[in-house]
Each structure stands twice: as structure tokens, then as C-alpha cells.
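*Asks:* Model the following, please.
(2 chains)
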Number of protein chains: 2
Amino acid sequence: MRDSPLVTGSSPRTAAERKGDVLAKLEQSHVDGWVASASAKGIAHLVPLSLAWHGERIIVCVDPRSVTARNIAASRQARVALGGTRDVVVIDVALDEVVAVTNGAYAVADAFAAQADWDPRWSIDLPGSETGSYEFLCLLPRRIQAWREVDEHPGRTLMRAGRWLV
Amino acid sequence: MRDSPLVTGSSPRTAAERKGDVLAKLEQSHVDGWVASASAKGIAHLVPLSLAWHGERIIVCVDPRSVTARNIAASRQARVALGGTRDVVVIDVALDEVVAVTNGAYAVADAFAAQADWDPRWSIDLPGSETGSYEFLCLLPRRIQAWREVDEHPGRTLMRAGRWLV
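*Replies:* Below is the predicted model of the structure:
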């Protein structure tokens, strides 16, 4: 079902291989994820966001007025997908911490700027922008699943209740 | 922000171009979408699903016991993303109809089989499978947005309240 004949028909990856692939995706430069969140009324939302992987947490940067920010602030939960639809990483996350974007050097902002392709601290000094108009959401993985084809459905859960199974 | 120098720096697409690109993505063979749904308690879910575009509706095929099927049956709403995170199509959909998978030829199943890379009718006769163990969700687009880079944020809404704006 995939394009590459080098990959199609290969054996299912081991759990250790999948974990390595998940971490490689999380650590990649300029990586985006699809972030699904839900309102208290049960309305689903979905947007692509740049992310960074820092201190075992997924860091995204959002406008606090956005639907995603408001949903996650309320539910303290989201589901993030990385990779393509046939090389899937799905991560259920819990909101660990909200960090306001401020000027200067600090770990979360430095990590985000180093990995993502923008530094939200820049926007603070732009004419017309408001200081603190962005915030970092620090999201703690609780469950991680990774699979490519149907033959990888068994063994797709790599983390459960915040603990790697491998 | 994209890799290709042929594309970076190009002008924002017109609404008509974006609509053409959206329809091309929907009509593509073997196209998958990310389907975000939410439980009544506000817990987000997200999975990749094969889809078909038939009669102005997005058709997906699910196990009625799956989280996605149960969420959408309850909320009658989902949000579907197509394309990459930097060539985004986001479609808010309403559940229009649920069609059980049964043997034989009928329009929804034929359209799905022709476009997706599997035909759920096959599974009915497999040993160990239950007749009717899948169902088609026929999802009606209500709002469609399409953008690539920040320069395409203006004008990204192509359909509102179920009507194309272009």
C-alpha cells in the first residue's frame, strides 16, 4: 500500500525500532503535528502546529484565544499525530504546563526556537503585536502508538499511562 | 518554509485555484484523511482513515464499535484534514447518513471501493468476520479551509455553512 517497493512487504518493525522512529520524528527539525482537541460540548477541532520535543514533553506554541488553546486549557488533553497517514504516530497527551512567551532566554522558548522554524519571541517586538500574545503548551505524552500498515497494528502501543513499554 | 524553491515565494493561490486543489485532493485515488472527533465529555480522538468523495460527501468506513464511529454517531460532527501540514485542507463535516456495509453493488460502496484501496464488502465473507461489521459514514462538508503558508491565511475559507464561496 506504500509507494516504495523497498518498504512494502517488509516485516513489521519491532517495538524498539518503532520507539526509535517515534523519537526521530519528535526530534526532527521543523516538524509539524496535527493537534486534535475537543470542546467541553464535544466539538472536535484539528490544526497543524509546529512542535518541539524538550524534556520528554511536546511543546507547541499557540495564541491563547485560539480554539486549540481554549480547548486544551479546559480539557487538559489532546491527541497529536505525526508522520503520514501510512506511517502513523499518534500521541495522547496531557497538558502539563502553560508557559507565557516572554522576551529573553529560557529553556522552553530556546528549545522551541531551535527546533521549530520560528521563534515566537520575535513577535513580541513587532509593531501591532501584543506582548504575551502567544503561549507555549507543554504536553506530556501519556500513550504513544505507532504503525504503518495493518501488519503493524499488533504491538502498536509503545507507551501507556506515561511509561514506555520498551 | 517549504523545501521546494519552486514553490516557496510563489504568490498566494486564488480562491478558485484552492478550490481546484481541494477537489483534486478529495478525488485522488487512495487518499487518506486525518479524522478528528470528540466524545460527549470533550475528549479528542484522531485517526487516519481512507476516504472517498462521492456525491459531494466524504465517505469513510469504520467499525461501529470504534471510538471514531461512536463519537461521530453522538456528536454528528467531525473535522477532517487532508494533505500535509504545509499544504492544509481542513474540512468541518456533519454526519449526513450511516450506511451499513452489505454485500452487493450499491453506490456508496462502489464509490468507496473504486477510490480507496480496499473494499469493506470483502470482509463480510472472510472467516471469522461478522456481516455488517463495518459501516460507511457519509459526511457532508460544512466549512472548508485551505492554506499553505502564512501568506495564504487570508482567504482560506472556501466553503461556509455548506456553500462554496467560490
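*Asks:* make it CA atoms for all contacts and neighbour counts henceforth
*Replies:* Fine.
*Asks:* Is the host helix or strand of A:Pro48 positioned near chain B?
*Replies:* Following DSSP states H and E, one finds A:Pro48 within strand A:44-54. Yes: judged by Cα under 8 Å from any Cα of the partner chain, strand A:44-54 comes into contact with chain B at A:44-49.
*Asks:* Give me the helices and strands touching the next helix or strand after that strand, please.
*Replies:* Reading on from strand A:44-54 to the C-terminus, the next helix or strand found by DSSP H and E is strand A:57-62. Using 3 or more Cα pairs under 8 Å, 6 or more residues apart in numbering or on different chains; DSSP states H and E, the elements in contact with strand A:57-62 are strand A:44-54, helix A:107-115, strand A:135-147.
*Asks:* quick one: contacts of the first one?
*Replies:* Here strand A:44-54 makes contact (Cα atoms under 8 Å, 6 or more residues apart in numbering or on different chains) with A:26-27, A:30-39, A:58-61, A:67-68, A:108, A:111-112, A:115-117, B:36-38, B:44, B:77-81, B:85, B:88, B:90.
*Asks:* can you do 6 Å?
*Replies:* Here strand A:44-54 makes contact (Cα atoms under 6 Å, 6 or more residues apart in numbering or on different chains) with A:26-27, A:31-38, A:58-60, A:112, A:115-116, B:36-38, B:78, B:85.
*Asks:* Same check on the shortest one?
*Replies:* Contact partners of helix A:107-115, identified using Cα under 6 Å, 6+ apart, comprise A:29-30, A:52, A:119.
*Asks:* And the helix or strand encompassing A:Leu23, what's buried?
*Replies:* When elements are assigned from DSSP H and E, A:Leu23 belongs to helix A:15-27. Residues A:15, A:18-19, A:21-22, A:25-27 are the ones in helix A:15-27 that count as buried (16 or more other Cα atoms under 10 Å in any protein chain shown).
*Asks:* Contact residues of chain A facing chain B?
*Replies:* A:36-40, A:42-44, A:48, A:78, A:85 (Cα under 6 Å from any Cα of the partner chain).
*Asks:* redo that, cut-off 7 Å
*Replies:* By the rule Cα under 7 Å from any Cα of the partner chain, the part of chain A lying against chain B is A:32, A:36-46, A:48, A:75, A:77-79, A:85.
*Asks:* CA atoms of the helix holding A:Leu23 as PDB?
*Replies:* C-alpha atoms of helix A:15-27 as PDB (Å, rounded to 0.1, in the frame of the first residue of the first chain):
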ATOM      1  CA  ALA A  15       8.900  -2.200  19.400                       C
ATOM      2  CA  ALA A  16      12.400  -0.900  19.800                       C
ATOM      3  CA  GLU A  17      12.600   0.100  16.100                       C
ATOM      4  CA  ARG A  18       9.200   1.900  16.400                       C
ATOM      5  CA  LYS A  19      10.300   3.700  19.500                       C
ATOM      6  CA  GLY A  20      13.500   4.900  17.700                       C
ATOM      7  CA  ASP A  21      11.400   6.000  14.700                       C
ATOM      8  CA  VAL A  22       9.000   7.900  17.100                       C
ATOM      9  CA  LEU A  23      11.800   9.700  18.800                       C
ATOM     10  CA  ALA A  24      13.500  10.500  15.500                       C
ATOM     11  CA  LYS A  25      10.200  12.100  14.300                       C
ATOM     12  CA  LEU A  26       9.800  14.100  17.500                       C
ATOM     13  CA  GLU A  27      13.400  15.400  17.400                       C
END
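*Asks:* pLDDT (mean, whole number) over that helix?
*Replies:* In this model, helix A:15-27 carries a mean pLDDT of 97.
*Asks:* Next SSE downstream of it?
*Replies:* Later in the chain than helix A:15-27, the nearest helix or strand by DSSP H and E is strand A:32-38.
*Asks:* Buried residues in stretch A:48-63, which are they?
*Replies:* Neighbour count says stretch A:48-63 has A:48-54, A:57-62 buried, by 16+ other Cα under 10 Å.
*Asks:* Disregarding residues adjacent in the polypeptide, which is nearest to A:Ala78?
*Replies:* A:Ser37 (4.9 Å; Cα to Cα, 6 or more residues apart in numbering or on different chains).
*Asks:* Actually, A:Asp151.
*Replies:* Spatial nearest neighbour of A:Asp151, excluding adjacent residues (Cα to Cα, 6+ apart): A:Pro12 at 6.2 Å.
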